[in-house]
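> Give me a 3D structure for the following:
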Amino acid sequence: MDTLSSSVSTLKVPTPYPTSRELCFFKSTPQTPQYSHLSPQTHLSSTTKTTNKTITLTHKTFTPSFLSHSQPSSFTPNSPTLYREPASGYAAALVDIAQCNNSLNTLGKDVQRFLKILRNEQVQAFLDDQFMSEKDKGQVIGEVVKKGRFDRHLASLIKMLIQKNKVGIVKEVLEEFERIHDELSGTQVVLVSSATKMEEDQLFAIARRVQKLSGATKVKVRNLVHDSLPSFAV
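Numbers count the residues shown, from 1 in each chain. Below is the predicted model:
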């Protein structure tokens, strides 16, 4: 990091093992994957028991509207697919390599670790800084890869993106990989938007309710905090 400017060298890169705000629940029987979004409201109620219709959940301080949609878990990485977005192509290639090496789950855990670092407020602010050059940003991300001991295929992909001056799409590539991985593993993802950070017991309660309603094998709950959202009180 000696070659970086003073503003870059003072950036504190978070540990590769930060505390997660993402909660996961597992069930023994596999189910069709679902992807859902929750926005803050005030009650919880089930409108369906199937996995491909709209479900509305309630929580003590939220009335999240829970939109579910299922897609087949078929993914054929060897087919000559054309992707509209470069991130989708890179992510699909990474999934393909992981499947060929029977390391999809291991790679998936490393992708989650890397995304947690990229979602760190300080790192995100640095990467969004228009006054920082792509070279400086690439050096910081490269340092994270070096110290994190990530899967070699993941590390190679990120290094390649850095060399191509595509640091700006690293997060998008990893999020797309995570989306595909969730589809293949039968994971239902729930995004909970709130004006303030939710407590873990609230997120656990939502996850348990989602799993009960959907019968999903695994439920992943992520709290998205938006200051612009109005706060609700009971």
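> only C-alpha atoms for contact and neighbour calcs from this point on.
Noted.
> Doesn't residue 190 lie inside a strand?
Yes - counting by DSSP: H, G, I helix; E, B strand; the rest coil, residue 190 falls inside a strand.
> count of neighbours near it?
25 (other CA atoms under 10 Å).
> and it, what pLDDT?
On the pLDDT scale, residue 190 is placed at 86.
> thought it was touching residue 224?
No - between residue 190 and residue 224 there is no contact under CA atoms under 8 Å: 10.3 Å.
> what's the closest non-adjacent residue to residue 196?
Nearest non-adjacent residue to residue 196, counting by CA to CA, 6 or more residues apart in numbering: residue 225, 5.7 Å away.
> Quickly list what that neighbour is bridged to.
Beta-bridge partners of residue 225, counted by DSSP bridges, are residue 194.
> Against residue 198, how distant is it?
Distance, residue 225 to residue 198, by CA to CA, to the nearest Å: 8 Å.
> ok, those two, which is more surrounded?
Taking other CA under 10 Å, residue 225 and residue 198 do not tie; residue 198 has more neighbours (17 against 14).
> In terms of helices and strands, where is that one?
Assessed by DSSP states H and E, residue 198 sits outside every helix and strand.
> One more: the one 10 residues further on?
Using DSSP H and E, residue 208 maps to helix 200-214.
> Quick check: mean pLDDT of that helix?
Per-residue scores along helix 200-214 average to 87.
> Put the alpha carbons of that helix into PDB.
Provided in PDB are the C-alpha atoms of helix 200-214 (Å, rounded to 0.1, in the frame of the first residue of the first chain):
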ATOM      1  CA  GLU A 200     -31.700  -9.400  15.400                       C
ATOM      2  CA  ASP A 201     -34.700 -10.900  17.200                       C
ATOM      3  CA  GLN A 202     -37.000  -9.000  14.800                       C
ATOM      4  CA  LEU A 203     -35.100 -10.400  11.800                       C
ATOM      5  CA  PHE A 204     -35.200 -13.900  13.300                       C
ATOM      6  CA  ALA A 205     -39.000 -13.700  13.800                       C
ATOM      7  CA  ILE A 206     -39.500 -12.600  10.200                       C
ATOM      8  CA  ALA A 207     -37.200 -15.500   8.900                       C
ATOM      9  CA  ARG A 208     -39.100 -18.100  11.000                       C
ATOM     10  CA  ARG A 209     -42.400 -16.800   9.700                       C
ATOM     11  CA  VAL A 210     -41.200 -16.800   6.100                       C
ATOM     12  CA  GLN A 211     -39.900 -20.300   6.400                       C
ATOM     13  CA  LYS A 212     -43.200 -21.500   7.900                       C
ATOM     14  CA  LEU A 213     -45.200 -19.900   5.100                       C
ATOM     15  CA  SER A 214     -43.000 -20.900   2.200                       C
END
